[in-house]
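[1] sequence below, structure please.
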Amino acid sequence: MSLVFAGICSHAPGITGRASMADPQLRDPLYAAYGRMRQELLASRPDALIVVAAEHFANFFMSNMPGFAIGMGERYEGPIEDPAWLGIGRTAVPGSARLAKQLIQEVMQTVDVAYAEEWKFDHGIMVPLHFLTPDYQVPIIPVNINCQGPPLAPLHRAWAFGEALRRAADSVSERIAIVGTGGISHWPSTPDSGRINEAWDRDLLGRWERNDKAALLSYSDTETYRDAGQGGFEIRTFICIAAAARGRGHVQHYAPIPIFAVGCTVGTMEIAA
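    Residues are numbered from 1 along each chain as shown. Model prediction:
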């Protein structure tokens, strides 16, 4: 079939774990935006959902850190974190080993990618699923871009990976949705946790909405670390979605929410030929 849905969203653990501590006037519009995205996603009738995330040393470590990885399991478990801390109950999430293998084989034609039959989902995947597929009825194909352990995947390779995922989605008979999830600016697990660079976030989202490849790939890691923190490296997931969808983006919600420690974002992107 083809790619039928593309979007981006934030995945910070505080979005669910510190929900009761947030100002309802900031929290509730974010939750409503997730709800609208869920409706659009499910209306596209996907047979599977690819979640492009930034894994947080839950499965991959500096002893073996792939630049890109795709899950190839029949089922996954999550969250790997304490459910009470994250505010999401531990559950089994369906996958599709057969479909994942097909996608991996096609992606590998242009991008070297690792694959794993076992994968414990951390908040990077579980927070989006909590809002987007709360009944866990859609098979999930997890994808990881190394945004944690330098040397990081270069931005132009994240773009090429998105192109490969699009080509793979278009090569199978199933209807495929894709969601990229990450920051944007945030300084997790540091004394600056809760700091948000709203101006930087809005500039990035403008580039994403225009699907301006040159502008999106113009960031250096040094500049990103300075202006958006180590969490800003997760822009790779948003870049991947822009490359896969090829269309114009629509930011449905953005708000800096310090108690969630991130600029909270929800957006969709048109699927262009």
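[2] any stretches of the chain with poor pLDDT?
    Residues of the chain meeting the criterion pLDDT under 70: 1.
[3] what's the longest helix in it?
    helix 24-43 (DSSP state H).
[4] what does the helix or strand following that one rub up against?
    Using DSSP states H and E, the helix or strand that follows helix 24-43 in sequence is strand 48-53. Residues from elsewhere that reach strand 48-53, judged by C-beta atoms under 8 Å, 6 or more residues apart in numbering: 11, 41, 96, 99, 103, 124-125, 128-129, 132-133, 138-145, 162, 165, 169, 174-182, 237, 240-241. (Each C-beta comes from the backbone N, C-alpha and C, glycine too.)
[5] so how far is Gly78 from Tyr89?
    To be clear, residue 89 is Gly; Tyr isn't right here. Separation of Gly89 from Gly78 (C-beta to C-beta, to the nearest Å) stands at 10 Å.
[6] cool, Leu129 as well?
    The separation that Leu129 has from Gly78, given C-beta to C-beta, amounts to 8 Å.
[7] also Thr133?
    In this structure, Thr133 and Gly78 are 12 Å apart, going by C-beta to C-beta.
[8] who has more neighbours out of these two?
    The neighbour count for Thr133 versus Gly78, taken as other C-beta atoms under 10 Å, is higher for Gly78 (28 against 22).
[9] so that one bridges to which residues?
    In this entry, Gly78 is beta-bridged to Thr91, by DSSP bridges.
[10] so it sits right up against Leu86, yeah?
    No. Judged on C-beta atoms under 8 Å, Gly78 makes no contact with Leu86 at a distance of 9.3 Å.
[11] so what's in contact with those two at the same time?
    Contacts common to Gly78 and Leu86, judged by C-beta under 8 Å, 6+ apart, are Met126.
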